[in-house]
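>>> I'll drop the sequence and a predicted model, then ask my questions.
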Amino acid sequence: MMRTRPLKVALLGCGVVGSEVARIMTTHADDLAARIGAPVELAGVAVRRPSKAREGIPQELVTTDATALVKRGDIDVVVEVIGGIEPARSLITTAFEHGASVVSANKALLAQDGAALHAVAGQHGKDLYYEAAVAGAIPLIRPLRESLAGDKVNRVLGIVNGTTNFILDKMDSTGAGYQEALDEATALGYAEADPTADVEGFDAAAKAAILAGIAFHTRVRLDDVYREGMTEVTAADFASAKEMGCTIKLLAICERAEDGRSVTARVHPAMIPLSHPLASVRGAYNAVFVESDASGQLMFYGPGAGGAPTASAVLGDLVAVCRNRLSGTTGPGESAYAALTVSGMGEVVTRYHISLDVADKPGVLAQVATVFAEHGVSIDTVRQQGKDGEASLVVVTHRASDAALGGTVEALRKLDTVRGVASIMRVEGE
Ligand SMILES: NC(=O)C1=CN([C@@H]2O[C@H](COP(=O)(O)OP(=O)(O)OC[C@H]3O[C@@H](n4cnc5c(N)ncnc54)[C@H](O)[C@@H]3O)[C@@H](O)[C@H]2O)C=CC1
Ligand SMILES: N[C@@H](CC=O)C(=O)O
Ligand code: NA
């Protein structure tokens, strides 16, 4: 039976995502009420610029005092789509203390302070949901937390940043310049307020920390995630990738070590074969592979950024949290019981594509090969192109640890015949 007293929702932030949340709450009000079992009412909207026209939002709901809104005491659910660490963190904490549950899209905050926020939510018997924080519309948090709760996840590999995938795709397919492609991604609402978070890999690293934590039932902090952005990827890298039958993607990779006792999480550009399903993920789309003992390989694919897709995930959480409130329950909280060791990048084992500028004279190839052998890194293929006494040497290795590869590169740089290391790229997904 439908409850007539509405559940009250406070919306914090009315930008790209917030405005879409408000729109869907209004246009789908009847369906949402039917699915929840009670109407949901937008009770207040905290904004920074109150004079801005906001279609469909009555002016009397708009306030610049977000703190007063979350302290009202009659709010059932606070939807935080401001972004950033503060004031979002204080507002969420205050919301729990004043009786509300919280839905957030804020990966930066969840990756940094998720454990503390879960603890406050738990103390107050409230929900903290954040499906939108990882890969926008794609259901990923809930499948990992709930659908795969009976399985053992070993690996999560994916494209989790729409902006960088959009840029890399444009650079690869149209030869567009980096800045031109970034400007377009920003105009389309994909990029973070500061796009450095996207292009330097911080956004993907935050998502990797959240995913690894849930997948491995282990607390993984943002600082535990190795991070390289994509600003150094060049047209020459794309050309090398093509020669290998690959393309380049910014990947988030969370892995359980073979002995099962430790995990790693990393974000960096990598070559992947064109035959791999991730190679055909275009534009701002995201896709995530999950490999588990019993399920085998699962792939989640869809729009990972943009106002409406992200609002879809926020609304899904809103419905879940409202249902929990009506039935007097809460959903699953943090699960970190496994407490596995989170290892550094040196422990990661993968393949590498290394491009060296060398002197084009007899014995160089043998010298270079010796350095690889001395560091226990086995060479798969070598390709050489020479002109005017200089040559470029492209070495692709078999699987080796990042520590061994690092040592190899350091020793290569010391060789007189090696003029420079033009690029090092990991090769994944084979
Ligand atoms: N745009 C996207 O594709 C996605 C965004 N997200 C996350 O959603 C959140 C919001 O992102 P967007 O809507 O894109 O950002 P946005 O910058 O478009 O919107 C944020 C809004 O919050 C307002 N704001 C900032 N401080 C405030 C305060 N103290 N009180 C009231 N309002 C305040 C800003 O004026 C702005 O309008 C972020 O955490 C972001 O990481 C998550 C997935 C996808
Ligand atoms: N800036 C992010 C938005 C979603 O999380 C992205 O580009 O993926
Ligand atoms: Na999601």
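Noted; the coordinates are in hand. Residues are numbered from 1 along each chain as shown. Ligands and ions are numbered 1, 2, ... in the order given.

>>> Relative to residue 268, how far out is the closest residue to ligand 1 within the chain?
Proximity of the chain to ligand 1 (CB to the nearest ligand atom) peaks at residue 15, 2.0 Å away. C-beta here means a position set from N, CA and C on the backbone, and glycine is covered the same way. Distance, residue 15 to residue 268, by CB to CB, to the nearest Å: 29 Å.

>>> Give me the nearest residue to the residue of the stretch 301-430 of the chain found nearest ligand 2, chain neighbours excluded.
Nearest residue of the stretch 301-430 of the chain to ligand 2 (CB to the nearest ligand atom) works out as residue 305 at 3.8 Å. Leaving aside its sequence neighbours, residue 305 sits nearest to residue 162 (CB to CB, 6 or more residues apart in numbering; 3.1 Å).

>>> Please verify my assumption that the residue of the stretch 301-430 of the chain closest to ligand 2 contacts residue 138.
No. Residue 305 lies out of contact with residue 138 (CB atoms under 8 Å); the separation is 10.4 Å.

>>> quick one, which of the two is more surrounded?
A direct count of neighbours by other CB atoms under 10 Å for residue 305 and residue 138 places residue 305 higher, at 29 against 24.

>>> just checking, next helix/strand downstream of the lowest-mean-pLDDT helix or strand in the chain?
For the chain, using mean pLDDT, DSSP states H and E, the weakest element among its helices and strands is strand 379-387, scoring a mean of 87. On the C-terminal side of strand 379-387, the nearest following helix or strand under DSSP states H and E is strand 390-397.

>>> OK, contacts around the closest residue in space to residue 221 that isn't next to it in sequence?
Computed as CB to CB, 6+ apart, the closest residue to residue 221 that is not its neighbour in sequence is residue 209, at 6.2 Å. Applying CB atoms under 8 Å, 6 or more residues apart in numbering, we find residue 209 in contact with 111, 220-222, 224-225, 265.

>>> Surely residue 209 is in a strand?
No. Judged by DSSP: H, G, I helix; E, B strand; the rest coil, residue 209 forms no part of a strand; its state is helix.

>>> now the residue of the stretch 201-350 of the chain found nearest ligand 3, what's its secondary structure?
Minimum separation of the stretch 201-350 of the chain from ligand 3 (CB to the ion) falls at residue 313, amounting to 4.7 Å. Here residue 313 is helix, with the state taken from three-state DSSP.

>>> can you count the residues close to it?
By other CB under 10 Å, 28 other residues sit near residue 313.

>>> wait, what's in contact with the nearest residue to it once chain neighbours are set aside?
Nearest non-adjacent residue to residue 313, counting by CB to CB, 6+ apart: residue 132, 3.8 Å away. Listed by CB under 8 Å, 6+ apart, the contact partners of residue 132 are 17, 103-105, 310-311, 313-314, 317.

>>> and with 6 Å instead?
By CB atoms under 6 Å, 6 or more residues apart in numbering, the residues touching residue 132 are 105, 310, 313-314.

>>> in stretch 217-231, what counts as buried?
217-222, 224-230 (16 or more other CB atoms under 10 Å).

>>> neighbouring contacts of the least confident helix or strand of the chain?
Against strand 379-387 from outside (CB under 6 Å, 6+ apart): 360, 372, 391-398.

>>> before we move on, what about stretch 59-76?
Stretch 59-76 has contacts (CB under 6 Å, 6+ apart) with 7-8, 10, 12, 44-47, 50, 78, 91, 94-95, 98, 100, 325.

>>> Which one (most neighbours) among these?
residue 95 (31 neighbours).

>>> For the helix or strand where that residue lies, list every residue counted as buried.
If you go by DSSP H and E, residue 95 is part of helix 88-97. Buried residues in helix 88-97, counting neighbours by 16+ other CB under 10 Å, are found at 88-89, 91-96.

>>> Residue 211 reaches residue 156, doesn't it?
Yes. Counting by CB atoms under 6 Å, residue 211 does reach residue 156; the two are 5.2 Å apart.

>>> which residues are common contacts for the two?
Residues touching both residue 211 and residue 156 by CB under 6 Å, 6+ apart: residue 254.

>>> got any ranges where this structure has weak pLDDT?
387 (pLDDT under 70).

>>> before we move on, back to that, now the residue of the chain closest to ligand 1: how far from residue 196?
18 Å.

>>> now, which of the buried residues of helix 88-97 sits nearest residue 273?
residue 88 (39.7 Å; CB to CB).

>>> picking that back up, and the furthest pair within the buried residues of stretch 217-231?
Farthest pair in the buried residues of stretch 217-231 (CB to CB) is 217 and 230. Separation: 30.2 Å.

>>> In the stretch 201-350 of the chain, mark out all the helices, start to finish.
202-216, 235-243, 307-327 (DSSP state H, counting those that start in this stretch).

>>> Which positions within the second one qualify as buried?
In other words, helix 235-243. 237-238, 240-241.

>>> Any of the contacts of strand 379-387 buried? List them.
360, 372, 391-397.

>>> now those residues in CSV, with distance to ligand 1?
Shown next, in CSV, are the buried ones among the contacts of strand 379-387 (distance: CB to the nearest ligand atom, whole Å):
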residue, distance to ligand 1
360, 48
372, 42
391, 45
392, 39
393, 41
394, 37
395, 38
396, 35
397, 36
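
>>> sorry, back to before: looking at the helices of the stretch 201-350 of the chain, which is buried most?
Scoring those by mean neighbour count under mean count of other CB atoms under 10 Å gives helix 202-216 as the most buried, with a mean of 28.

>>> Off-centre distance for it?
Remark: helix 202-216 is offset 6 Å from the chain centroid, using CA atoms, centre = their mean, to the nearest Å.

>>> Widest-spaced pair of the contacts of stretch 59-76?
50 and 325 (29.1 Å).

>>> Checking residue 151 next. Helix, strand or coil?
Assigned with three-state DSSP, residue 151 falls in the coil class.

>>> let me fix that: residue 373
helix.

>>> Can you tell me the SS state at residue 8?
Here residue 8 is recorded as strand under three-state DSSP.

>>> Distance of the closest residue to it other than its chain neighbours relative to residue 154?
Leaving aside its sequence neighbours, residue 8 sits nearest to residue 43 (CB to CB, 6+ apart; 3.9 Å). Remark: distance between residue 43 and residue 154 (CB to CB) = 44 Å.
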